[in-house]
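> predicted model, plus sequence, below.
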Amino acid sequence: MTDGTAHVPGATYRLQLHRDFPFAAAARQLPYLKRLGVTDVYLSPIWASTPGSTHGYDVTDHARVNEELGGEPGLRRLAARARDLELGLIVDFVPNHMGIAGGHNPYWEDVLMHGQASRYAHFFDIAWRPLKRALEGKVLLPVLGEQYGRVLDSGELRLEREGGRFVLRLYGRALPLSPRSLILLLAGLEDELPRSVPEDVRAELGSVARSVENLPRSVAPDLSDADREARAQEAGVVTRRLEDLAARSPAVARVLDAAVAAMNADPTRLDALIAEQNYRLAYWKVAAEEINYRRFFDINDLAALRMEDPRVFAWAHAKLLELIRDGVVQGVRLDHTDGLYDPAGYFRDLQRAAAGVLGREGGADGRPLYVVAEKILEPGERLPGDWAVHGTTGYDFLAELNGVFVDGAAEEDLSGIYRRFTGDRDPYPAHLYRGKLLVQRQSLPGEVNVLAEHLERLSEDDLSARDFTLSALRAAIREVIAAFPVYRTYVRASGEREPGDDGYLAQAVQEARARNRQGGAPLDSSVFDFLHAVLTLSHPDPATRERYADFALKFQQLTGPVTAKGAEDTAFYRYARLLSLNEVGSDPGHFGTPVRAFHAAARTRAEHWPHAMLAGSTHDTKRGEDTRARLHVLSELPQTWAAFLSEWSGLFRSLQSPSPDGPAPSLHDVYTLLQNALGAHPLNGEPEDFVDRLSTYMLKAAREAKLRTSWAAPDPAYEAALDTFTRSLLAHEGFRAGLRALHERISPYGAQNGLSGALVRLTAPGVPDTYQGCEGWNLSLVDPDNRRPVDYARLARTLGRLERGHDLALARRLLEAHPTGEVKTLVTWAALQARAAHPELFGAGGYTPLDGGKFLLAFAREHGSGVAVTVAPRLTLSLTRERAPWALGDAWGRRTLTLPRTGTYRNVLTGERLNARTLKVPLAKILEDFPLALLIREPR
């Protein structure tokens, strides 16, 4: 459908593309997806990326479509097939960063070769003048496996000739050399040639050496774009001349190779050549503190882009806009937009560019292209209303819905069980604060240092701040970021900001100041005043405000990564009270979502962001939606969970190994393992790979927690003990039987949560997205577990069975066989078919909460005469008191649901009809034979 300007999907389906699932494989699934009922296929990044990439977010060239996926011809064939089936394509675009590993990014390689004189130096966010003098005019390249001197002496760094090109070879990686530095190799080589070499060859070799020497320095001031282009062209000419010389004169080739060999034989000479490069080679562990290019989080191989530069924007989006113009792409999902310098400005620029290629200048709402932004909203935070997007990618919805299936009354009990078992007495906010501080000190200190140096330059011009030391400013920045209540604020260069930004900044500074006092006031309180003034652009002088703004915008680019790493990749793995709540977009400290809060958020979305995406699972979620759904049930039987832990505690202790830091694995890791083993336990037996999957997960979880081991400093002994414990525990027949019994006890109620969650996602205001395979059960763990192949053949067979005719009898059979997941396919298919049959009702309909009591999430969608009522039970273990696996009929007692209108309704999940002569209808009647309902009012 359209909203007057943009193509807006009715429902999307996310496909993860990679070398083993390219465009052609996606095209083969399009007929199935069309039959399922989606309107648009939502693709992971399609752009050229690091060879072998399994995710595509390490884009190496935004101007090219990934050849491993089938290249642009393959994409266009996919789009043509989609068009034939009346399906749209939504593509994932990565504006914040690029992959730079392995020499596959031509733009980064050019920067390494030419430094500041590169035609692409402005692409990347590089601090060319950092505090460390040795990095002046250079890029830190932390690619060495050990200290530089050792690598040099070992011979692992070698100069090599490739025709007329010289490279520095390191671990199979060819690093480019600054053309001007070749004078150290070429100077005087013409005199080394035998006398028999023709004079013109000798002269040409000398001429090449002089050409190299005369190239402008990469740090030469005031280089124009024409100068940069000329320098690159001249360097190319030098390479071709040398290649030609070596090809036609074996003597020249021998002299060049002898010079290379001589330099490799003399580490001092080789070091002198390396010192002349536009990069500084360093041990990879140095990156954290000394890195001088902005990265995606702490990943050295992902360099941030300066998308605020119009030239970078134009280059990066040229191919995307071409695909939009040609009708190949109908919408865009934007990755990690909180990393951008000015997200609001970026969204405006993208929509204006799209308007230009679509011939829809401006448009009614300034949004001619369907765009959703990956944005994590904290509880109570609102998406900025002036963003030229259609909403978020759905993590906010996921968090709201996720918490609905948790019984908030069990918070005290589950908290006590967790404390007693693990010894962890800290609330989640304490873990989050420590995680954010840890990330700034261990993973992102280089980025913090760049900010601190920037702030110090500002303080030098302020008489009241000039005495602040660099270390004090750095500490203040760390504390304020650690206290930040949201991922980032959106202060703009003009001074404009979002309504809540001043409050967030004040809250962060106030908390940082309070912690400073509690810690004995190591920092003068006025340093926080100065930082607050800079972040709020509080200065009477316009020029100073402009300088403050540049700092504030760069500060904002760091708070998001620190929060993401500190929360999602640290605190989420340290605080394990109820792991179903440790999900992207969620706050594990919030124990559940009241139904009224879900309704309030849904009404707001219907009013302000009716086309935002609704997610249940994604490529980034920590657990699959049905893994979480099962773990939610623990909130309904905390004492059973406590008894299970107590029963097997002796076995746990016996399987731990002694270590200097305490038993291995820690009880925290044991608690984490137990929840994941229960949540992801397969419904149909125990496949051979289950223990391997758990072991792989536990290694990642322990490293992310950074308590007993980490990615930066692995502890092999601890990791071995963790693996042994996991495998021994799951091999213990008694424990396996006990785990299976608990799993079988709660799995029907977890399945009910999963079915209810799917139905709500598919019918609530917004554009529902189904992550690949989630039309069946998704009992996955974190990536790479959540990116395993999907059995589309099996899903298609199930769909065919439904299409041949579904009724109550079939629905009941599928329910009884719920471990197969076919009942979830039924719910997904039936709801998507209803959306397709009533696009205005679900796309533009209002939202009315319906009160069905504690055990129900129900609402109506209304548009004109159309009415759809969603009836989704919750907390059904408590409702049924475990007397039945499903909450059917009499389980609802005398509870009623008040419908918005009388009339005849059809439950599209079963085909049953409900004649509602009065507004109040017994729930025992609505849910007599099937444990959820989607009622569509039939026209009179």
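Ah, there it is. Numbers count the residues shown, from 1 in each chain.

> quick check: residue 727 touching residue 691?
Yes: assessed by C-beta atoms under 8 Å, residue 727 is found in contact with residue 691 at 5.9 Å. (C-beta placed from N, C-alpha, C; glycine too.)

> tell me where the stretch 151-300 of the chain has helices.
183-186, 199-214, 225-248, 250-265, 267-275, 287-290 (DSSP state H, counting those that start in this stretch).

> show the end-to-end separation of stretch 429-449, please.
25 Å (C-alpha to C-alpha, to the nearest Å).

> so for it, mean pLDDT?
Averaging pLDDT along stretch 429-449 yields 96.

> so which bits of it are buried?
431-440, 442-449 (16 or more other C-beta atoms under 10 Å).

> for stretch 95-110, same thing?
Applying 16+ other C-beta under 10 Å to stretch 95-110 flags 95-105, 107-110 as buried.

> neighbouring contacts of that stretch?
Contacts with stretch 95-110, where a contact means C-beta atoms under 8 Å, 6 or more residues apart in numbering, come from 49-51, 53, 57-62, 118-120, 123-124, 173-176, 232, 295-296, 301-305, 307, 316, 334-337, 339-340, 346.

> can you give me the end-to-end span of that stretch?
20 Å.

> cool, and stretch 603-612?
Stretch 603-612 has an end-to-end distance of 13 Å (C-alpha to C-alpha).

> mean confidence score for that stretch?
Stretch 603-612 comes out at a mean pLDDT of 98.

> the contacts of stretch 95-110 in helices, which ones?
Mapping these onto helices (DSSP state H) picks out 232, 316, 346.

> am I right that the second one is in contact with residue 62?
Yes: at 4.4 Å, residue 316 and residue 62 qualify as touching, with contact defined as C-beta under 8 Å.

> can you give me the helices in the stretch 801-940 of the chain?
808-816, 822-837, 839-844, 876-880, 923-926.

> output the contacting helices and strands for the fourth one.
Under the contact criterion of 3 or more C-beta pairs under 8 Å, 6 or more residues apart in numbering; DSSP states H and E, the helices and strands touching helix 876-880 comprise helix 733-763.

> ok now the helix it packs on, how far from the chain's centre?
27 Å (C-alpha atoms, centre = their mean, to the nearest Å).

> buried sites along that helix?
Quick answer for helix 733-763 (16+ other C-beta under 10 Å): 735, 739, 742-743, 745-763.

> next structured bit after that helix?
strand 767-771 (DSSP states H and E).

> low-confidence stretches in the protein?
1-4, 220-221, 362-364, 686 (pLDDT under 70).

> tell me which residue is most central in it.
residue 620 (5.5 Å; C-alpha atoms, centre = their mean).

> nearest spatial neighbour of that residue, skipping sequence neighbours?
residue 584 (5.7 Å; C-beta to C-beta, 6 or more residues apart in numbering).

> how about that neighbour, what does it touch?
376, 395, 398, 568, 618, 620-622.

> and of these, the nearest to residue 888?
If you rank the contacts of residue 584 by distance to residue 888 using C-beta to C-beta, residue 398 comes first, at 28.0 Å.

> need the helices for the stretch 301-450 of the chain, in chain order.
310-325, 343-358, 395-404, 411-422, 428-438, 445-460.

> return the most buried member of those.
helix 395-404 (a mean of 25; mean count of other C-beta atoms under 10 Å).

> now the nearest residue to residue 823 once chain neighbours are set aside: how far from residue 490?
Spatial nearest neighbour of residue 823, chain neighbours left out: residue 814 (4.0 Å); criterion: C-beta to C-beta, 6+ apart. Distance, residue 814 to residue 490, by C-beta to C-beta, to the nearest Å: 47 Å.

> just read off the phi/psi values of the closest residue to residue 297 other than its chain neighbours.
Leaving aside its sequence neighbours, residue 297 sits nearest to residue 561 (C-beta to C-beta, 6+ apart; 5.0 Å). The phi/psi pair for residue 561 (degrees, to the nearest 10) reads phi -60, psi -40.

> ok, residue 561 - how many residues close by?
Residues lying near residue 561 (other C-beta atoms under 10 Å) number 27.

> ok, it touching residue 304?
No: using C-beta under 8 Å, residue 561 makes no contact with residue 304, being 9.6 Å away.

> quick check: neighbours shared by these two?
296, 339.

> between the contacts of residue 584, which sits nearest residue 712?
Taking the contacts of residue 584 together and measuring to residue 712 by C-beta to C-beta, the closest member is residue 568, at 17.3 Å.

> if anything else comes up later, I'll come back, but that's it for now.
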